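J.: return atomic coordinates for the entry below.
(one chain, ligands or ions: 1)
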Amino acid sequence: MNDFYSGRVVWITGASSGIGEALVYKFVSNGSRVVASSCDSDQLDRVADRCSGMKGSITAVPFDLADTAAIEKLAGEVAAKEGRIDILLNIGGVSQRALIIDTPLWLDRRIMEVNYFGTIALTKAVLPHMISAGGGHIVATSSISGRFGFPLRSAYSASKQALHGFFETLLLEHKKDNIRVSVLIPGRVRTKISFSALTASGKEHGKMDEGLDKGITPERAAEQIIRGLKRNRREILVGSSELLMLSIRKYFPALFFRLAGKIKPT
Ligand SMILES: NC(=O)c1ccc[n+]([C@@H]2O[C@H](COP(=O)([O-])OP(=O)(O)OC[C@H]3O[C@@H](n4cnc5c(N)ncnc54)[C@H](OP(=O)(O)O)[C@@H]3O)[C@@H](O)[C@H]2O)c1
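T.: Residues are numbered from 1 along each chain as shown. Below is the predicted model of the structure:
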């Protein structure tokens, strides 16, 4: 079982907080060599400090997912330094709290840049290194709102839905190269995602959503994710009873639209 972790080079984006941070501790404590990324180098240093004394190692590589022009060079540097990249966990992302009618197009683009283009840019940059090393596992993070529309999340939902198309294609095109692909579908995980969610002005929402506060912990989410990765699941559901909405949307769409339509924008 330890082979899953030990000595593996695991690149984790969104590593400064929430689900990504919890995954960092799982991998480092079990002996992996983690490359931890987000925009915030101070927070990455905090995470690295917490890893001191653990079995594995951590290297902070800060970068902005929206800066797609810089990503290819960065991936080359990481691959050269680490020798290979075994697992890429694309966890970093930003949410939204704004109605369509209030959301300026630049904000739609900003959310797409971070959640979609940043994620696929890093994936495309890492892919050739994985192929030449004989394979690897690439993970993207969607959301339950990557499976249906949801009030106040138009660009967020669109960016996550786009990931499904890209990563299913990646799996189909590169199975022959021993590239495994998994898409995480979290429901509610108690993180700061609603605090940093962008409002119509582009400022942070700055509040904890009531629903999110009832979500599972990031540690529990990391356990569910790792169980799914070990089983090489194409899709990994992360969360609790809220995941029922996925089945309601699929099998009882009229009921879904009735329920989701009752949600009051806050
Ligand atoms: N929590 C949930 O209930 C939930 C539900 C569905 C999906 N998700 C998804 O799960 C993933 C992790 O979210 P979380 O819940 O753990 O939230 P979080 O605690 O807010 O973590 C988000 C992470 O993304 C990083 N990030 C944001 N913008 C970035 C940028 N421009 N460049 C680089 N890194 C950036 C943040 O780092 P810095 O701010 O330090 O850059 C942070 O490390 C996200 O993709 C989110 O959409 C979460």
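J.: and Leu74, what element?
T.: Element membership for Leu74, per DSSP states H and E: helix 68-82.
J.: next one: His137
T.: Going by DSSP H and E, His137 is part of strand 136-141.
J.: next one: Trp11
T.: strand 9-13.
J.: in the helix or strand of the chain with the lowest mean pLDDT, what's buried?
T.: The weakest-scoring helix or strand in the chain, judged by mean pLDDT, DSSP states H and E, is helix 210-213 (a mean of 92). By neighbour count on 16 or more other C-beta atoms under 10 Å, the buried set for helix 210-213 is Leu212. For the C-beta atoms, the positions are set from N, CA and C on the backbone; glycine is no exception.
J.: next up, phi/psi of Phe150, please.
T.: Backbone geometry at Phe150, expressed as degrees, to the nearest 10, gives phi -150, psi 140.
J.: neighbours of it, how many?
T.: 17 (other C-beta atoms under 10 Å).
J.: look up how far Phe148 lies from the closest residue to it other than its chain neighbours.
T.: Closest residue in space to Phe150, ignoring its immediate chain neighbours: Ser157 at 5.7 Å, by C-beta to C-beta, 6 or more residues apart in numbering. To Phe148, Ser157 is 7 Å away according to C-beta to C-beta, to the nearest Å.
J.: and Asn232, by the same measure?
T.: Plainly put, Asn232 is 26 Å away from Phe148 if you go by C-beta to C-beta.
J.: who has more neighbours out of the two?
T.: Phe148 (19 against 10).
J.: so what's the more buried one up against?
T.: Shown in contact with Phe148 (C-beta atoms under 8 Å, 6 or more residues apart in numbering): 157, 245-246, 249, 256, 260.
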